[in-house]
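Asker: Return atomic coordinates for the entry below.
(2 chains)
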There are 2 protein chains.
Amino acid sequence: MPLLGLLPRRAWAALLSQLVRPPCASRTGAVRCQSQGEESLQVAEAVLTSQLKAHQEKPNFIIKIPKGTRDLSPQHMVVREKILDLVISCFKRHGAKGMDTPAFELKEILTEKYGEDSGLMYDLKDQGGELLSLRYDLTVPFARYLAMNKVKKMKRYHVGKVWRRESPTIVQGRYREFCQCDFDIAGQFDPMIPDAECLKIMCEILSGLQLGDFLIKVNDRRIVDGMFAACGVPESKFRAICSSIDKLDKMAWKDVRHEMVAKKGLAPEVADRIGDYVQCHGGVSLVEQMFQDPRLSQNKQALEGLGDLKLLFEYLTLFGIAEKISFDLSLARGLDYYTGVIYEAVLLQTPTQAGEEPLNVGSVAAGGRYDGLVGMFDPKGHKVPCVGLSIGVERIFYIVEQRMKTKGEKVRTTETQVFVATPQKNFLQERLKLITELWDAGIKAEMLYKNNPKLLTQLHYCESTGIPLVVIIGEQELKEGVIKIRSVASREEVAIKRENLVAEIQKRLSES
Amino acid sequence: MPLLGLLPRRAWAALLSQLVRPPCASRTGAVRCQSQGEESLQVAEAVLTSQLKAHQEKPNFIIKIPKGTRDLSPQHMVVREKILDLVISCFKRHGAKGMDTPAFELKEILTEKYGEDSGLMYDLKDQGGELLSLRYDLTVPFARYLAMNKVKKMKRYHVGKVWRRESPTIVQGRYREFCQCDFDIAGQFDPMIPDAECLKIMCEILSGLQLGDFLIKVNDRRIVDGMFAACGVPESKFRAICSSIDKLDKMAWKDVRHEMVAKKGLAPEVADRIGDYVQCHGGVSLVEQMFQDPRLSQNKQALEGLGDLKLLFEYLTLFGIAEKISFDLSLARGLDYYTGVIYEAVLLQTPTQAGEEPLNVGSVAAGGRYDGLVGMFDPKGHKVPCVGLSIGVERIFYIVEQRMKTKGEKVRTTETQVFVATPQKNFLQERLKLITELWDAGIKAEMLYKNNPKLLTQLHYCESTGIPLVVIIGEQELKEGVIKIRSVASREEVAIKRENLVAEIQKRLSES
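Answerer: Just a heads-up that it's a prediction; the model follows:
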């Protein structure tokens, strides 16, 4: 699988400095990039609209796609298909069923589930009916599905688009429409067995994609909350402070501290106590150490979380992945609904010099336990414990695409196996009969939609699109009852009997 | 492929009488069906909301999904995956590239493209930015893509969701969110070669799915317009009358005539002249006959259309599908953007008595030529001729699901090959080690998430979910360094050396 080979160090540097560019817009012959500033764009639009109004049958507006979205070209799609195949295979290997939910939900289903990010939801216009919003993730619709259908146990995966109105100027390179790949286990089971499997799945996928070295940070919401309580955070501020801590992978501690103290009204000494904890990370020995921590060991919740983490590490060792996992007290996860273990996988840059800290290049998978979410949708409040993960496929698509660009790798965007060509004029009918034979035999075949194409044009088409075989029919072949097969790579040609054509092609394709 | 076998006559009858039921909503323990009437539902909601408000941590609203949408269960997904695989394979066999566009477009991109149906678009709420609408089909986004990226030639397929606010009370059984599978050929080519390939693709897919006998109705917008002109329809009414004619597959002629005369102000004698034409259908001989028609033969547009249809039939004969095609003057297609040949595939019910007309059970695929659409998006009005088709996969999913229900066929919703079991207590660690070996070898494996599950529970799980093999580890096996492999179907067990386990399982799976 050379496509998904190791990313050279240079490519990583390029990747870090270069973020995805905003989508392009075209108008009046010239293609220009859409301005980041909403206002300047609107002014430009107004001017152009009036300029164009005079003409008939031409668009009187700029042809572009919505802000923060993009088209996926055939090149994109090929990369996506390969990556999604690998991810879905892994989910199926672990016994998951597929499912899908509508792109939008009743707005009230989605509200108060996402903490500070709730404002980023796309609402649909009230067109006289229900108030709807586009789904923000795949987890809340899954919980709604379980509650609505009274499903108490289910292992499912879900691949689909979600939508978030993030401001492209704040979070560069993030799209407002993107694909998520989720795997979740719902049901009452013995502790930490499904949780450990989720981490195993993340390891299998990240290893399989050959994205380079990675690390999975693990923590537990009960440890986070216990730490907050032990440090003196008022309970009413738990979720808000949690959101701040969640930004530690993007912001320095001093900025996060400032946000907690200045914006969220936390006492400076409380913030400093938190600061002592969030720099701790390590393996199972850190779990043992925290059991002895004078503050945490007084907190019942924290002790429960630590106990579960200890058990989790035992299972991770049996799965052979313990060395990939780091207990990290700075991991908080922004979403409101987590109740137990939480985790986040990050890719590590190869250190440029020995002894250097590995550089975090961002989260590519994350998840955790959410035991209360289904109960929020159940009329009697019945809970269904859940644990799951989401693969950040968009970032992975981007990494693989950048790597291919760096390597100058080309992808075929079609799978055509055979091209039907002729060197002579007036052979359209024969070409149509011939290609019908191939299609009807399940062979992927193309021809040019021209009555009399030049042979050179036909052969050039095969070379530029990567079609490996050409079958050629002309007067001579027709008279002799043969067809010429040409290998595009070697340019070798051989004549075979017409009736053996399909068998011969299938033989050649199975050999290649 | 027994799944896609022939549908028995009884199933057809059930299918015809029984249309897809509206989605269900659940609340307060009882599951009830969502009312069709919007008002009565809102009243009920208000009452229930106030009843539920008293309780904490329970939803104070009805848990349901948006009107006209539904969740796709694992059972649905398995059927979909099989059908979509077949459809996409066919598209790839004909050299198509994949692509995707955002779920929503700028509203102005979509307006005035869909004729009378434009009001059915889902608009997004204006949240301070652009005015957006959910895509209504995949054709307009494709045309926008071609124009925006100045692509002059492309053969692509696109599988994705589209959204239409159809009233479920008017058009029963139609969902507001549904999947489309489109194939289109853009570019300037010699006449009717790509058009004929589109019809060939429709035939391949409908034959491959084994849905029973089908027929593809063909007409040409220029013949439709020529017929209107020849009958005396004022040009300003062409598109409106076209929309009426399009309803002939669902409404009787007298009702369509009434709509044209009473609602759209057409003179009765003009309507009657149209009535004479729209009952004509047949093969290539009808094309010849229409060349001689005193009215049509005076119309330049109609003659162009007839000339192209004649050529089309020539190519269809070479493709071996001419007998599946019917030139049908009642076919009009509702969408505004068609400019040339149009077509629609319908499934035919086996006649219950000899000599009876085959009964139309609805369109399952359709398409046509739209040479002007891309130009509407190009700043200079440059045209890119296009022809394409859309497979009505939702109707096909429904037919196949109904057929399976009638036959009592069960589908496996997981692909798990091996289950890891133990007859003893305290064997969780050994099971975890064993399943890791299987997963790491790429084998699809499951186990129960219990410390000490009963053997009977474990074996029952395999039987109920269709897992073919069980590997069993217990004290005896551990001591002897063996693993038992059990065939769930035959209940035969055999002990093999632990180190041969993966190889033995792979051998058994490849044989089955």
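
Asker: From here on, just use CA atoms for contacts and neighbour counts.
Answerer: Will do.

Asker: If you count neighbours, what's buried in stretch A:209-226?
Answerer: A:209-211, A:214-226 (16 or more other CA atoms under 10 Å in any protein chain shown).

Asker: Of the residues you listed, which fall within the contact range of chain B?
Answerer: Filtering those for proximity to chain B by CA under 8 Å from any CA of the partner chain leaves nothing.

Asker: just checking, which of the residues you listed belong to helices?
Answerer: A:221, A:222, A:223, A:224, A:225, A:226 (DSSP state H).

Asker: now the closest residue to residue A:290 other than its chain neighbours: how far from chain B?
Answerer: Distances taken as CA to CA, 6 or more residues apart in numbering or on different chains place residue A:296 nearest to residue A:290, at 6.8 Å, with adjacent residues excluded. Residue A:296 sits 28 Å away from chain B, going by CA to the nearest CA, to the nearest Å.

Asker: Contacts only, for residue A:296.
Answerer: A:226, A:227, A:230, A:290, A:302, A:303 (CA atoms under 8 Å, 6 or more residues apart in numbering or on different chains).

Asker: mind redoing it with 10 Å?
Answerer: A:223, A:224, A:226, A:227, A:228, A:229, A:230, A:231, A:290, A:302, A:303, A:306 (CA atoms under 10 Å, 6 or more residues apart in numbering or on different chains).

Asker: next one: residue A:266
Answerer: Neighbours of residue A:266 in contact, by CA under 10 Å, 6+ apart: A:232, A:233, A:234, A:237, A:241, A:257, A:258, A:259, A:260.

Asker: Give me the mean pLDDT for stretch A:426-446.
Answerer: Stretch A:426-446 shows a mean pLDDT of 97.

Asker: May I see the buried residues of that stretch?
Answerer: A:427-428, A:430-432, A:434-439, A:443-446.

Asker: Could you do stretch A:281-288 as well?
Answerer: Result for stretch A:281-288 [16+ other CA under 10 Å]: buried residues A:281, A:283, A:284, A:286, A:287.

Asker: how about the second one, phi and psi?
Answerer: Think residue A:283. Backbone dihedrals for residue A:283, given as degrees, to the nearest 10, come out at phi -90, psi -150.

Asker: For chain B, see how far away it is.
Answerer: 20 Å.

Asker: Please apply the same query to residue A:299.
Answerer: Residue A:299 is 25 Å from chain B, by CA to the nearest CA.

Asker: can you count the residues close to that residue?
Answerer: By other CA atoms under 10 Å in any protein chain shown, 17 other residues sit near residue A:299.

Asker: So for it, what's the nearest residue that isn't a sequence neighbour?
Answerer: That would be residue A:226: by CA to CA, 6+ apart, it lies 5.8 Å from residue A:299.

Asker: contacting residues for the one you found?
Answerer: Contacts of residue A:226 (CA under 10 Å, 6+ apart): A:220, A:232-233, A:238, A:295-305.

Asker: contacting residues around stretch A:472-480?
Answerer: A:419-427, A:430-431, A:434, A:455, A:481-486, A:493-498.

Asker: Can you name the residues of the stretch 151-300 of chain A that neighbour chain B?
Answerer: Within the stretch 151-300 of chain A, the positions near chain B by CA under 10 Å from any CA of the partner chain are A:155-157, A:161-163, A:165, A:176-178, A:187-194, A:197, A:200-201, A:204.

Asker: what pLDDT, on average, does stretch A:63-82 get?
Answerer: Rounded mean pLDDT across stretch A:63-82 is 94.

Asker: Stretch A:212-228 too?
Answerer: pLDDT averaged over stretch A:212-228 gives 95.

Asker: That stretch: end-to-end distance?
Answerer: Terminal residues of stretch A:212-228 are spaced 35 Å apart (CA to CA, to the nearest Å).

Asker: got it, and stretch A:98-112?
Answerer: 27 Å.

Asker: List the buried residues for that stretch?
Answerer: A:98-110.

Asker: can you tell me which of those are up against chain B?
Answerer: Within the buried residues of stretch A:98-112, those near chain B by CA under 10 Å from any CA are A:98, A:99, A:100, A:101, A:102, A:103, A:104, A:105, A:106, A:107, A:108, A:109.

Asker: In strands, which of these fall?
Answerer: Counting by DSSP state E, these place A:98, A:104, A:105, A:106 in strands.

Asker: Show me which of those residues is closest to chain B.
Answerer: residue A:98 (5.2 Å; CA to the nearest CA).

Asker: Pull the contacting residues for residue A:190.
Answerer: Counted by CA under 10 Å, 6+ apart, residue A:190 has contacts B:448, B:449, B:450, B:451, B:452.
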